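K.L.:
Based on what follows, work out the 3D shape:
(2 chains)
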Amino acid sequence: MPDGTVFDIKEFALHDGPGLRTAVFLKGCPLRCEWCHNPEGQSFLPELVKNKSSCAGCGLCERGCRHPGCAPWGVCLKVCPNNCLKIAGRRMTARELADRLLRNESFLRKGGVTFSGGEPLCQADFILEVQELLGGIPVAVETCGCVAPEIFKKAASAVERVYMDIKLIDREEHIRRTGRDNDVILENASWLLVSQIDAVFRVPLIPGVTDTDANLRGIAEFLSGYTSVCVELIPYNRLTGAKYRSVGREYSPSFDETLPPNRNTAVFESRGIRCRAY
Amino acid sequence: MAGAIFNGLLYRQLKDRSYRAFRRPFDVSRAAVFTDPSLPPVTRMALRMRELFRQEEPVILEGQRIVFLRTVTGVPDIFSEKEWQEIRASHRIHECGYLSNICADYGSAIASGLDSRKEQIEERLMVAKTQGDTEGILFLEAALSQIEAVFYLVEKYKNKALELGREDIAETLSALPHRGARTFREALQLFRILHYTLWAEGEYHNTVGRFDQFAWPYMKRDMEEGRLTRKEAEDLVEEFFISFNWDSDLYRGVQQGDNGQSMMLGGVDESGNDAYNELSEICLRTSHRLGLIDPKINLRVSSGTPIERFVEATRLTGAGLGFPQYSNDDVVIPALEQLGYETKDARNYTVAACWEFIIPGLGMEIPNIGALSYPEAVEKAMLDGLEDCKDFEEFKDRVRAEISAEADLICAGLGGLYIIPAPFYSILMDGCIGRARDITLGSKYNNYGFHGSGLATAADSMEAIRHHVFELGDVTAKDMKEAVLRDFDGYEELLHSVRYEDSKLGDNDPRVNALAAELMEWFADALEGRRNERGGRIRPGTGTAMFYLWDVKKLAASADGRRKDEALGTNFSPSLFVRSKGPFSVIQSFASLPVSRNINGGPLTMEFHSSVFDTEEGIEAVASLVRQFVILGGHQLQLNSVNRERLIDAQKHPENYSNLIVRIWGWSAYFVELDREYQDHLIARQEFDA
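P.N.:
Sure thing, here's the model as predicted:
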C-alpha cells in the first residue's frame, strides 16, 4: 500500500470544493512559484516549521535531548511550552489517512475530500488508494498540472472534480516565475478541456505578474471555444510572507504585494467562459 | 443584504443616548413608604412599584410608537442591610434575592388584558377573606395594587401622548391594558408594558419567551384583514426590538449585556407541528438588520428543519452578534419528558437568560442554583489518592466519588430558599391567582439546575493520567501530582506532552469522548432521584456561566497541561488552549455525549473567522454544519463570527469599536464594555477559518 506525505489536514475547507469538505495537503511540488503561499509544501521531505511569533525565547528547545525523533533537527521538539516547533510532512499509509478522514464520514458525505498541496498528483497512487478506501466520498484534487500526462489523466479521470491552475500563458515568463516551463501543464489542460471531467481552472492573481490583461487574455484565448469551462480568479494572499519566516526562508517577492488584484473577469466572459473572481 | 433600517430616527437616538437625559435618580426621601419594617415584603413590593410609577415621568421620543421608557433609576431595596443579614442567616438567597431567570406567559396576558385578571383576583380575594388566609390576602391585595399601578402609568402616558398630539399612541393605550390586544401593534405595546413592569417591580433576567408564537396570531390577522402589510410588520418588529435596548444598561448582570432578554423562535406547537412562521423569519432578519445585543435570539430546530432556515439563521450568525443560539427539539423535548415534564409543556420550552430550558408560565425553576466543577473533582481525586490507585479504573472510581461528594455538598446548601415576592410577575404566571400564592413560592415545575463547568479540562486531565501513568508508565503518579502542584515548573517535557500531544475532547477520539461521557453520567447519577424542598428535581447541565473564570481561582494547574490560573473553556466546549482537529471533529465529539441526561442547558460554542461568512458558499457550508450537529444529536449550539485581530485592536483603541458585539457565555455584549478578563478569554478561543 502506498504511503503519502501529508503536511496538513484541514476540516471544513471552504475554498476547495462544494459542501462540507476536508482538505488534505500533500507535500512536495515540482514548481517554485514566487508567490507560493504554502512554502512548507514545496519540498518532498519533512521539514521543521517554527512559529516565531509564539516563541518566548526560553531556550528549552536548545538544551539538548535524547529523543531519537529530535536528532535530525538539532533542537528538541518535545519541550516547547508554547508548541512553536512542528515537523511539516508526516508519512501516512492510505489506510491511516482514510481512517482519519472517515471519522468525519457523516460530514464528508455532504461534501467530500480535496487533495491539495504541494502538488497532490505527485502522489497520485496514494490519492487513488485513499479514494478507494473512502467508499464513495467525493474526491477532488487541486493541481498545478505539472505532472506526467499519463499520471494526470489517470488521476483526473478517477476523481469527482479537478481544480487546475493556469498561472501564466507565456512559456518564458512561466519559467522565470515558477522555475518550470508550462508545456506539460498546457498539454494536460488541453486534454482536460476535451474530457468530460468536471473541471475548474484557477488563475492566481499575482499583482503585475499573472493578473496583467495580457496574461488573462492569453489564458482566455487558450480556453476559448470550450464554453462549458469554468474559471476562478483567486487574489494573491497577502499573508504569504509570514509562512516563509516560519520555515526559515526569506520572502522577497519581486512584485508589489500591496497592489489591488486585477479582477478582470470580462476577458473570459466576452469569450463565453463562465468566470468568477474572489 | 440586511437592508436599511426603517426606524433611523429612533436608532440614532438610541446610539447617541440622548434619551438618557430624561433619567434622574429615585427620590429616596420617599423610600420610607416601602421600607417600613412592620410591612410584609409582598406589600412593600407593591408600595415600591407604586412609588416608582408615581415618580416616573412619561417620555415619548420622536418617531416612537411603542412607548414606555425608564426615567427613574437607583430604586432602593425593600430591605435594610440589617434585615438582609437576618434573612440570610436563616435562608438561602439566590443571587440578588429577587426573582429572576424565569419566563412569563405573555401570550395569555396580552390576549386577555389585565381587567379580567383583576376580576379574578377580586373574586379570589373574597374567598381568601372568608377563609382567613392572611398570606393569600396580602398577596392578592399586592397583585391588585400592581395592576392599578400599571393602569396609572399607562394613563400618564396616554395624557402625555394627547399633550404631544400623538393620538395614535393615546388610542393604542386607551383600552389596551384593560381588555388586551386586538392588533399586532397593540400586542407589541402591551408586551412592552408587561415586560417593563417586571423590570420595574424588581425582577431581573426577564426573558421574552416564544415571541413568534404568541404574537403571530395578531400579525396574521392584521395581514389577512388588510390592516397590515409585511413591510409595516417588519417596521413594527424593528421598533419593538429597539425597545429592548432603551433601558438595558440599567439591567446589568455579572457584566454589562448579561440581562437575560432572550427570545425563542421556531420549534413546534402543542401538537408537535412545526410552528416556525413568517414572524419568526422577520425576527431573524430584524436582528440582523439592527445589529443590537437585545433581544438575544434563540432558534429551535430539529432534524426535519429545512436547510433554508439554517441558511437564514447563519446569515444572522454572520452579522457577528453571537445569535442565534440553536436548541435541538429532537433531543430537548424527549429529555424534558424524561424528567417529568408533560409533553405539551416540554414542546413549549424556551430558554432562561442564557440557555437553560424552562417552561413559560409554568416553571418556577432555578436552573443556575449551583455549579459542579468537574476539574475540581479530578484534582481532588488525583491529590488525595492517585498514588494509591492500582489501575485507572480505581482512579475513575475516585473521580466518581468526588463528583458525588461535590453534588452532595451543593445539594446540602439548597434548603431554606427565600425569594422576594413578585406579585406582578405572579399575575403573568399560570395558577398563582387561583392558589392565591406568589410565584416565588412555587409553580407546576420547581426544578433546579446545576451547571457543569470544565468538562473538557476534566476529561483531558483524566486522559493524560490514563495515558501517562497507567498506559505508558512514563510518569509516576507522584510526579504527575508534583507537576500539577508546581504548575509544571521543572516538568517541561511532561507539560509539552500532556498539553500538546495527547488527545483532547474535541478531537473526536473515542477514548476521550468516553471519559467525558462517563463524567457526565456520574454527574447525572449523583443527582438522579433527588428532590429539592419544593418537590422539584435537580437537573445537571452543560453550561459554565462565569465559572470558566471563577473556578480556576481555587484550582491548581491540571493534568491536561492547563497552567495555573488559565481559564476553562466556556460552556460545552473544548479546553481553551486546545487547538482541535477542526469543526467536524469538535461537533462529533460533543454530539456523542449523553446530553439527554444532562439537559439543564449549555451549548457547544464555536468561533469562526468572520471571513467564513463573506460568501454564499461559506454561509451554506456553516448552515449544513449546524444541520449536521442537529442530525448527530447535539442539544444546543452557539456559533460566533469573530476576528481576533479586530478584538486585539479594540483593546488598544476602544474608541473605534463602540459597536463591536461579542458573545460571552450565554449573552451578547459590547466588547469594549467588558472587563479585561472576559475580553482576553474571547481572544484566546480557537477560531476556525475558511
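K.L.:
gap between the residue of chain B with the smallest separation from chain A and residue B:69?
P.N.:
Residue nearest to chain A within chain B (Cβ to the nearest Cβ): residue B:582, separated by 2.6 Å. From N, CA and C alone the C-beta is placed, and that goes for glycine too. Look at residue B:582 and residue B:69: by Cβ to Cβ, to the nearest Å, they are 47 Å apart.
K.L.:
What's the local residue count around residue B:122?
P.N.:
Per other Cβ atoms under 10 Å in any protein chain shown, the neighbour tally for residue B:122 reads 11.
K.L.:
try residue A:275
P.N.:
Residues within reach of residue A:275, counting by other Cβ under 10 Å, total 23.
K.L.:
Under a three-state scheme, what state does it occupy?
P.N.:
Of the three states, residue A:275 takes strand under DSSP: H, G, I helix; E, B strand; the rest coil.
K.L.:
For residue 199, the count of nearby residues, please.
P.N.:
Picked chain A for this. Counted with other Cβ under 10 Å, residues neighbouring residue A:199 total 18.
K.L.:
ah, I was thinking of chain B
P.N.:
Counted with other Cβ under 10 Å, the neighbours of residue B:199 add up to 17.
K.L.:
Dump the C-alpha coordinates for the host helix or strand of residue B:396 into PDB.
P.N.:
Using DSSP states H and E, residue B:396 sits in helix B:392-412. C-alpha atoms of helix B:392-412 as PDB (Å, rounded to 0.1, in the frame of the first residue of the first chain):
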ATOM      1  CA  PHE B 392      -7.100   3.600  36.000                       C
ATOM      2  CA  GLU B 393     -10.500   2.000  36.900                       C
ATOM      3  CA  GLU B 394      -9.700   2.700  40.600                       C
ATOM      4  CA  PHE B 395      -8.800   6.300  39.800                       C
ATOM      5  CA  LYS B 396     -12.100   6.700  37.900                       C
ATOM      6  CA  ASP B 397     -13.900   5.400  40.900                       C
ATOM      7  CA  ARG B 398     -12.300   8.100  43.000                       C
ATOM      8  CA  VAL B 399     -13.300  10.800  40.500                       C
ATOM      9  CA  ARG B 400     -16.800   9.500  40.500                       C
ATOM     10  CA  ALA B 401     -16.900   9.600  44.300                       C
ATOM     11  CA  GLU B 402     -15.600  13.100  44.300                       C
ATOM     12  CA  ILE B 403     -18.400  14.200  41.900                       C
ATOM     13  CA  SER B 404     -20.900  12.500  44.100                       C
ATOM     14  CA  ALA B 405     -19.500  14.200  47.200                       C
ATOM     15  CA  GLU B 406     -19.400  17.600  45.500                       C
ATOM     16  CA  ALA B 407     -23.000  17.200  44.400                       C
ATOM     17  CA  ASP B 408     -24.000  16.200  47.900                       C
ATOM     18  CA  LEU B 409     -22.300  19.300  49.200                       C
ATOM     19  CA  ILE B 410     -24.100  21.600  46.800                       C
ATOM     20  CA  CYS B 411     -27.400  20.000  47.500                       C
ATOM     21  CA  ALA B 412     -26.900  20.300  51.200                       C
END
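K.L.:
The very next helix or strand once past it pairs with which strands, parallel or anti?
P.N.:
Proceeding C-terminally, helix B:392-412 gives way to strand B:417-418 as the next helix or strand, assigned by DSSP H and E. Using DSSP bridges, the strands paired with strand B:417-418 are strand B:92-93 (parallel).
K.L.:
Near chain B, which residues of chain A are found?
P.N.:
Proximity of chain A to chain B is confined to A:9-15, A:18-20, A:22, A:60, A:78-81, A:83, A:103-104, A:106-108, A:110-111, A:278 under the rule Cβ under 8 Å from any Cβ of the partner chain.
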